[in-house]
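Enquirer: Predicted model and sequence below, questions to follow.
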Amino acid sequence: MSAPPGTSKNRSGNIRTGKTRSRKWFSLLTLRIWVIVIFPLAMFYIGLIHLDQYRLTVINSQLDALYRQGDTLARSIGMTDAEYSELARRRLSQLTMERATQLIASIPDARIRIFQPDGRLISDSALSGLLTSPRITLNPGQQSSRQTVEDMLQSMVTTLADGLSSGGDYPLYRENPDQSAGDFPSVIQALSGEAGSLIMRDRKGKLILGVAVPVRHLRVVRGALLVTASGEAAERDIRSVQMTFFIIFIGTLMVTIALGHYLARSIIGPVSRLARAADAVRLSKGNAVSLPKMMDRKDEIGDLARDLAAMTDELQMRMQATASFAADVAHEIKNPLTSLRSAVETIARVDDKEQQQKLMDIILADVQRLDRLISDISAASRLDADLNASAFSVVDLAGLVRSFADARSHGGMERGIRLEVETPDEAVMVHAITDRIVQVLDNLLGNAVSFSPDAGVIRLSLLVEGQNALLVMEDEGIGIPKAKTDAIFSRFYSERPKSERFGQHSGLGLSISRKIVEAHGGTLTASNIDSADSGKTGAVLRMNLPINGTPMPPIVP
């Protein structure tokens, strides 16, 4: 299925439009940064709010204090009852209760109720006026309608903490007009001889703590004592801890938010600008694009900006090279096509058989030239991709040169030309693609043969210079014009010997060879033999490769 008009498909098959990427009002990368920054703080705060263990510790501490007070009072009442009772009666006497009134008055911050063994309430400090500083009131006063900011903040923190806590769900305290031991399970437990405790909340949500202890003498339970007090002190301690940690959390959160905002701006902003610049490069169609000035940064953003700038420069160079290559190809193909057209048009008007045969020879030569040209162009266009797909390996260049020379010499050199080879006895190891190095040697030798005179000598030598392997190929031809020593590596360079028939070479061999050598991290240059002393002429081609060096990565098309 074809892509809609104005769109194209990338290599993965996804449809790519020509529109620029719209600027998002919210960045997923920003969200991830905030989550990473805030999540530990949130977990920390939830852990601090979840103070069940601390709550239980504070409540148990207050219950222990109430138990000690209640147990001391119960023992005193038990001993008092023994003084006024000659028999081991199972109930508290009236005289005992009158004496106990003085003892109850010694605990002003608690409400004390005494029950007979049958469960009947016989004394209540709240009703007798003995509770001088009551923490629990039967008729709560009116609450002020005006709350300070601190009260509101404290209420919010407490509500949040209670919502997250699993330990504050206590039963509701209800006070019947006619109280009895049955209203309090802990009192029933005390009448059976074991102390009990109660934790409840009143209608206003206030905490009520209490303990019930048996009143006994000589192991005989003669009643039960219920001591209750407000848990406001415990709640006040818990709220104080919650508030302290909440303030610490708010301060830490503000600092974290500021740091997160700075982090997001220092990362997201530059990355977004670089992304928009990459979009502009994609849509520029080879035109120059102004990139954000971030290359002076010393961090990863600067690395990304520099890489993007290098990629953009390389892309523009590649696009310009592609356009230049296409123009050169069109020019080179146009010449044989023009010759073909002229020959075809002429042959129809010529009756002479000999002239027709000459024209047919021209047509055949032009077709062969086109075939050779198209084959070389195809090989040149695939070179980058083939270099990327091929694997480099450690190669003995000396052995490779000797094997290459033996194969070419045994096959016979044309026109009586001899190939002399000189290589080191030891191995010269380089990182290379063997087939491509052989292709370079073949191109260099073919070029030398085409310029060498009949029965000439071509010298191929391999030297080791420091950390480089230097391969030198010399011929005895006419040499290279001084102004053309670098131009011969250009595409479709066509200056050939006069004795060579036109169209035998496409002019791509040396250009391909230089690109292969550069992909191996080396250089390929040309010069002439210095004839001042020897009187000899000829061209010298030098290929320099690093020994055991890491090759430069080939250019990605």
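Expert: Looks like it came in fine.
Enquirer: Show the residue spans covered by the strands in the chain.
Expert: Under the criterion DSSP state E, the chain contains strands at 7-9, 15-17, 111-115, 121-124, 196-201, 207-217, 220-230, 393-396, 418-422, 429-432, 457-465, 468-474, 523-528, 539-546.
Enquirer: can I get those strands in JSON lines with mean pLDDT and distance to residue 247?
Expert: Where you see a C-beta, it was placed from the backbone N, CA and C, and this is true even at glycine. Formatted as JSON lines, the strands of the chain follow (pLDDT from 0 to 100; distance: least, CB to CB, whole Å):
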{"stretch": "strand 7-9", "mean pLDDT": "45", "distance to residue 247": "57"}
{"stretch": "strand 15-17", "mean pLDDT": "42", "distance to residue 247": "52"}
{"stretch": "strand 111-115", "mean pLDDT": "89", "distance to residue 247": "35"}
{"stretch": "strand 121-124", "mean pLDDT": "85", "distance to residue 247": "42"}
{"stretch": "strand 196-201", "mean pLDDT": "90", "distance to residue 247": "27"}
{"stretch": "strand 207-217", "mean pLDDT": "90", "distance to residue 247": "23"}
{"stretch": "strand 220-230", "mean pLDDT": "88", "distance to residue 247": "26"}
{"stretch": "strand 393-396", "mean pLDDT": "89", "distance to residue 247": "67"}
{"stretch": "strand 418-422", "mean pLDDT": "88", "distance to residue 247": "86"}
{"stretch": "strand 429-432", "mean pLDDT": "89", "distance to residue 247": "64"}
{"stretch": "strand 457-465", "mean pLDDT": "90", "distance to residue 247": "74"}
{"stretch": "strand 468-474", "mean pLDDT": "91", "distance to residue 247": "70"}
{"stretch": "strand 523-528", "mean pLDDT": "89", "distance to residue 247": "69"}
{"stretch": "strand 539-546", "mean pLDDT": "91", "distance to residue 247": "65"}
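Enquirer: Figure out which of the ones you listed is closest to residue 486.
Expert: With respect to residue 486, and counting by CB to CB, the nearest of the strands of the chain is strand 523-528 at 7.4 Å.
Enquirer: buried ones in that closest one?
Expert: Neighbour-count burial for strand 523-528, counted by 16 or more other CB atoms under 10 Å, picks out 524, 526, 528.
Enquirer: what angle do that strand and strand 539-546 make?
Expert: Taking axes from the mean of the first three to the mean of the last three CA atoms, to 10 degrees, strand 523-528 and strand 539-546 form an angle of 160 degrees between their directions.
Enquirer: List the residues that contact residue 104.
Expert: Residues in contact with residue 104 (CB atoms under 8 Å, 6 or more residues apart in numbering) are 73, 112, 123, 125, 130.
Enquirer: And it, how close does it get to residue 226?
Expert: 12 Å (CB to CB, to the nearest Å).
Enquirer: re the thing from before, ok, which of the strands of the chain comes nearest residue 245?
Expert: Nearest of these (CB to CB): strand 207-217, 20.2 Å.
Enquirer: which helices and strands sit right next to the closest one?
Expert: Applying 3 or more CB pairs under 8 Å, 6 or more residues apart in numbering; DSSP states H and E, we find strand 207-217 packed against helix 52-84, helix 185-191, strand 196-201, strand 220-230, helix 232-283.
Enquirer: quick one on the thing from earlier: could you dump the contacts of residue 104 to JSON lines with distance to residue 236?
Expert: Below are these laid out as JSON lines (distance: CB to CB, whole Å):
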{"residue": "73", "distance to residue 236": "25"}
{"residue": "112", "distance to residue 236": "23"}
{"residue": "123", "distance to residue 236": "30"}
{"residue": "125", "distance to residue 236": "23"}
{"residue": "130", "distance to residue 236": "25"}
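Enquirer: Let me know the closest of those to residue 179.
Expert: residue 123 (11.1 Å).
Enquirer: Check the nearest residue to residue 350 once chain neighbours are set aside and give its pLDDT.
Expert: Nearest non-adjacent residue to residue 350, counting by CB to CB, 6 or more residues apart in numbering: residue 356, 5.6 Å away. In this prediction, residue 356 carries a pLDDT score of 81.
Enquirer: give me the number of residues near residue 356?
Expert: For residue 356, the count of nearby residues is 14 (other CB atoms under 10 Å).
Enquirer: start the count at 191, not 1, going forward
Expert: New numbering, starting at 191: the last item is residue 546.
Enquirer: What separation is there between it and residue 534?
Expert: For residue 546, the distance to residue 534 - CB to CB - is 12 Å.
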